[in-house]
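J.: Got a predicted structure plus its sequence, pasted below:
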Amino acid sequence: MTDGPSIEAVGLTRRFGDFTAVDRVFFEVSRGEIFGYLGANGAGKSTTIRMLTGLLTPTSGEARVAGYDVATSPESVKASIGYMSQKFSLYLDLPVWENLLFFGGAYGLWGDALKVRAGEILELTGLVDFRGATTGSLPGGIRQRLALGCAILHRPGVVFLDEPTAGVDPVARRRFWKLIRELSAAGTTVFVTTHYLDEAEYCRRIGLMADGRLVALDTPAALKRAWVPDRVLVARGRNLLVAAAALAARPGVAAAEPFGAGLHVRVSPDRWDAASVRAALGAAGASDVQVEEAEPSLEDVFLAVVGRPQTAPVEAGP
Amino acid sequence: MEVTLEARAMTRRFGAVEALAGLSFAVKEGELYGLVGPDGAGKTTAIRALAGLIDLDGGEARVLGVDPADGGPAVRESLGLMPQQYSLYRDLSVQENLRFFSRLYVLPRAVYRERARRLLSITRLDRFLDRRADALSGGMYKKLALACALLHQPRVLLLDEPTNGVDPVSRRELWALLHEFVQGGMTVLVSTPYMDEAERCDRVGLVHRGRLLLEGAPGELLRDAALKSFEELFVSRIGEEAA
């Protein structure tokens, strides 16, 4: 491991025919950082990861991962990283322990060193009790922790997680993220993609992709300041849904949407505040209304950055 | 209001696994009902039983009052299903898959053109018309499957985790579209692992270990439990058991 950034992309570009999947992307990720890579489906996230993990050669530009150039030393890159995707590949008919031994062997560990390390992974991932259980019989959340365990057996300095929590329930997701934070605290660099924006809050910095380009890159707090100029309010009370439609139609109201048991309201700070929103909802038929200021969510940021006006594609018909 | 979909004490075992352990719920006409629960709770098995694709060990499934397994063309014509995976032709492009399904449903050309335009725009697949289905990312594949299922607007639509892996902007827009269909009279049963989506349904059933734990309008369930989000409700009711 060198002293430089763990991951460095310099004008990284990949074209498929005349389609540019990743277009001149620049960023650096420092050692131990949790870096979130977000964007709509098809924005270029997976193509970026495939280049950074040495699986796909860049068309132009460069990237270094763990000190190795992905184009000229892809095998050294692969040996220095861990990778886990949404469709993680475990042997479902093997017990947990044997999956660990198998993947450890594939990474070149063997003998007592492998057994000691596999035991450490069971501890770290909280799977000691499941050591002898057949992998296929376990719930998704447990298999997912095992898949992460298999990806870090060889102590990689950088871990790539491509939608690691897709389809997993909230309790399992929280547990998984606790593990990610522990890895990061111990110095492992984590590069993660997710469609759960509450998870993205755990990232130190976030890059947002749109149509192949990296269009925003900063901490969650800074992204919210830069991209969501609206005042965000949360309203609670009765008969809110009917009143929401009336409020949303007023000038200066960007959105009034159901959110949990209440309403998520975004308004222009020049025209509206908590008191006037409360009055407007009351006038539109809601009762017992309480309105509080809230921090913008990363979903507000995502919508502002990635949300584009809907275009009408030309379609020839069947 | 008339009951459109009904699960009556459904039981089904796969070897040692009890997928459905007496699951009962009813979806009323014009309702958007969400089945919420952890991986392995029985959501997919329940949807497959209501689509008439598997036999039950015990209990009954009813669609528009009849058994979907032998309901014949009447049920088949009014029922749409988006399964969780592999419902498309992988060697056809995005556009070819949509056209194929529109012909299967015998959609008039003008109707197809308008719906396809709208669905491609909402799913943001309009940049990828010529890409083969097997070259799409997981989320994009999901979106295409959903677009194909939504092309013919059936009376009753079953969706098994339609938004799993789909990005937040498209998820939002797809839910707006589902609400529009429901307002037009469609009955929708949807399963989802996203707790924030539970909050977008008219009513939800929280499923765990093949049974219904809790059912009701999401806002009322949260008020009764004095919690702020469905995620908190899930954690408080199922907790560490699920992990």
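T.: It's in. Numbering: from 1, shown residues only, chains lettered A, B, ... in the order given.
J.: For the residue most central in space within chain B, give me phi and psi.
T.: Centroid check for chain B by Cα atoms, centre = their mean gives residue B:159 as the closest residue, at 1.6 Å. Backbone torsions of residue B:159, given as degrees, to the nearest 10, read phi -120, psi 120.
J.: show me the contacts for it.
T.: Shown in contact with residue B:159 (Cβ atoms under 8 Å, 6 or more residues apart in numbering or on different chains): B:81-82, B:146, B:149, B:188-191. No exception for glycine: its C-beta is placed from N, CA and C like everyone else's.
J.: Next, check these against the helices and list the overlap.
T.: Using DSSP state H, B:146, B:149 are the members of the contacts of residue B:159 that sit in helices.
J.: Which parts of chain B are helices?
T.: Ranges of helices in chain B, per DSSP H, are B:43-50, B:72-78, B:94-104, B:109-123, B:138-151, B:168-183, B:195-198, B:218-225, B:230-238.
J.: Those helices: which one's closest to residue A:205?
T.: Closest to residue A:205 of those is helix B:168-183 (Cβ to Cβ; 18.6 Å).
J.: buried set for that closest one?
T.: Buried residues in helix B:168-183, counted by 16 or more other Cβ atoms under 10 Å in any protein chain shown: B:168-175, B:177-178, B:181-182.
J.: Could you export that helix as PDB, keeping only the C-alpha atoms?
T.: Only the C-alpha atoms of helix B:168-183 are listed here, as PDB (Å, rounded to 0.1, in the frame of the first residue of the first chain):
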ATOM      1  CA  PRO B 168     -34.800   6.300  -6.000                       C
ATOM      2  CA  VAL B 169     -36.000   8.700  -8.800                       C
ATOM      3  CA  SER B 170     -37.500   5.900 -10.900                       C
ATOM      4  CA  ARG B 171     -39.000   4.200  -7.800                       C
ATOM      5  CA  ARG B 172     -40.800   7.400  -7.000                       C
ATOM      6  CA  GLU B 173     -42.100   7.800 -10.500                       C
ATOM      7  CA  LEU B 174     -43.200   4.200 -10.700                       C
ATOM      8  CA  TRP B 175     -45.200   4.500  -7.500                       C
ATOM      9  CA  ALA B 176     -46.900   7.600  -8.900                       C
ATOM     10  CA  LEU B 177     -47.800   5.600 -12.000                       C
ATOM     11  CA  LEU B 178     -49.200   2.700  -9.800                       C
ATOM     12  CA  HIS B 179     -51.300   5.300  -7.900                       C
ATOM     13  CA  GLU B 180     -52.600   6.500 -11.200                       C
ATOM     14  CA  PHE B 181     -53.600   3.000 -12.300                       C
ATOM     15  CA  VAL B 182     -55.300   2.400  -9.000                       C
ATOM     16  CA  GLN B 183     -57.200   5.600  -9.300                       C
END
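J.: Please see if it touches chain A.
T.: Yes: using Cβ under 8 Å from any Cβ of the partner chain, helix B:168-183 comes into contact with chain A via B:168-172.
J.: Show me what that helix is packed against.
T.: Helices and strands touching helix B:168-183, by 3 or more Cβ pairs under 8 Å, 6 or more residues apart in numbering or on different chains; DSSP states H and E, are helix A:298-306, strand B:32-36, helix B:109-123, helix B:138-151, strand B:187-192.
J.: need the ones you listed in CSV with distance to residue B:53 and mean pLDDT, can you?
T.: Below are these laid out as CSV (distance: least, Cβ to Cβ, whole Å; pLDDT from 0 to 100):
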stretch, distance to residue B:53, mean pLDDT
helix A:298-306, 35, 87
strand B:32-36, 16, 95
helix B:109-123, 25, 91
helix B:138-151, 15, 86
strand B:187-192, 14, 94
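J.: residues contacting the nearest residue to residue A:234 once chain neighbours are set aside?
T.: Ranked by Cβ to Cβ, 6 or more residues apart in numbering or on different chains and with sequence neighbours excluded, the top spatial neighbour of residue A:234 is residue A:294, at 4.6 Å. With contacts defined as Cβ under 8 Å, 6+ apart, residue A:294 is in contact with A:232-234, A:264.
J.: Mind doing that once more with 10 Å?
T.: A:231-235, A:259, A:262, A:264-266, A:300 (Cβ atoms under 10 Å, 6 or more residues apart in numbering or on different chains).
J.: and what of residue A:131?
T.: Contacts for residue A:131 (Cβ under 10 Å, 6+ apart) come out as A:95-98, A:100, A:118-119, A:122.
J.: Closest to the mean position in chain A, which residue would that be?
T.: With the centre of chain A defined as its mean C-alpha position, the nearest residue by Cα atoms, centre = their mean is residue A:194, 2.7 Å away.
J.: how far away is that residue from residue A:176?
T.: Here the distance between residue A:194 and residue A:176 works out to 11 Å (Cβ to Cβ, to the nearest Å).
J.: try residue A:154
T.: According to Cβ to Cβ, residue A:154 stands 20 Å off from residue A:176.
J.: Please apply the same query to residue A:216.
T.: 25 Å.
J.: same question, residue B:91
T.: Distance, residue B:91 to residue A:176, by Cβ to Cβ: 35 Å.
J.: now do residue B:4
T.: 37 Å.
J.: Of those two, give the one with the bigger neighbour count.
T.: Taking other Cβ atoms under 10 Å in any protein chain shown, residue B:4 and residue A:176 do not tie; residue B:4 has more neighbours (24 against 20).
J.: That one contacts residue B:155, doesn't it?
T.: Yes: Residue B:4 is within contact range of residue B:155, at 7.8 Å (criterion: Cβ atoms under 10 Å).
J.: related to what we said a few turns ago, got phi/psi on the residue nearest to the centre of chain A?
T.: phi -160, psi 150.
J.: list the contacts for it?
T.: A:36-38, A:45, A:86, A:161-166, A:173, A:177, A:200, A:202-203, B:168.
J.: cool, residue B:86 as well?
T.: Residue B:86 neighbours (Cβ under 10 Å, 6+ apart): B:133, B:141, B:145.
J.: where does residue A:260 land on pLDDT?
T.: On the pLDDT scale, residue A:260 is placed at 61.
J.: any chance you could map the helices in the stretch 51-200 of chain A?
T.: According to DSSP state H, counting those that start in this stretch, the stretch 51-200 of chain A carries its helices in the segments A:74-80, A:96-106, A:111-125, A:140-151, A:170-185, A:197-200.
J.: most neighbours per residue, which of those helices?
T.: Mean neighbour count (mean count of other Cβ atoms under 10 Å in any protein chain shown) peaks for helix A:140-151 among the helices of the stretch 51-200 of chain A, with a mean of 23.
J.: which secondary structure elements does that one contact?
T.: strand A:81-85, helix A:96-106, helix A:111-125, strand A:158-162, helix A:170-185 (3 or more Cβ pairs under 10 Å, 6 or more residues apart in numbering or on different chains; DSSP states H and E).
J.: just the CA coordinates of the longest one, formatted as PDB?
T.: Taking Å, rounded to 0.1, in the frame of the first residue of the first chain, the C-alpha atoms of helix A:170-185 are listed here in PDB:
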ATOM      1  CA  PRO A 170     -33.900  -3.100   7.800                       C
ATOM      2  CA  VAL A 171     -32.500  -5.000  10.700                       C
ATOM      3  CA  ALA A 172     -30.000  -6.900   8.600                       C
ATOM      4  CA  ARG A 173     -29.100  -3.700   6.800                       C
ATOM      5  CA  ARG A 174     -28.300  -1.900  10.000                       C
ATOM      6  CA  ARG A 175     -26.100  -4.800  11.100                       C
ATOM      7  CA  PHE A 176     -24.300  -4.900   7.800                       C
ATOM      8  CA  TRP A 177     -23.500  -1.200   8.000                       C
ATOM      9  CA  LYS A 178     -22.200  -1.500  11.500                       C
ATOM     10  CA  LEU A 179     -19.700  -4.100  10.000                       C
ATOM     11  CA  ILE A 180     -18.800  -1.700   7.200                       C
ATOM     12  CA  ARG A 181     -18.000   1.100   9.700                       C
ATOM     13  CA  GLU A 182     -15.900  -1.300  11.700                       C
ATOM     14  CA  LEU A 183     -13.900  -2.200   8.600                       C
ATOM     15  CA  SER A 184     -13.400   1.500   7.700                       C
ATOM     16  CA  ALA A 185     -12.300   2.300  11.300                       C
END
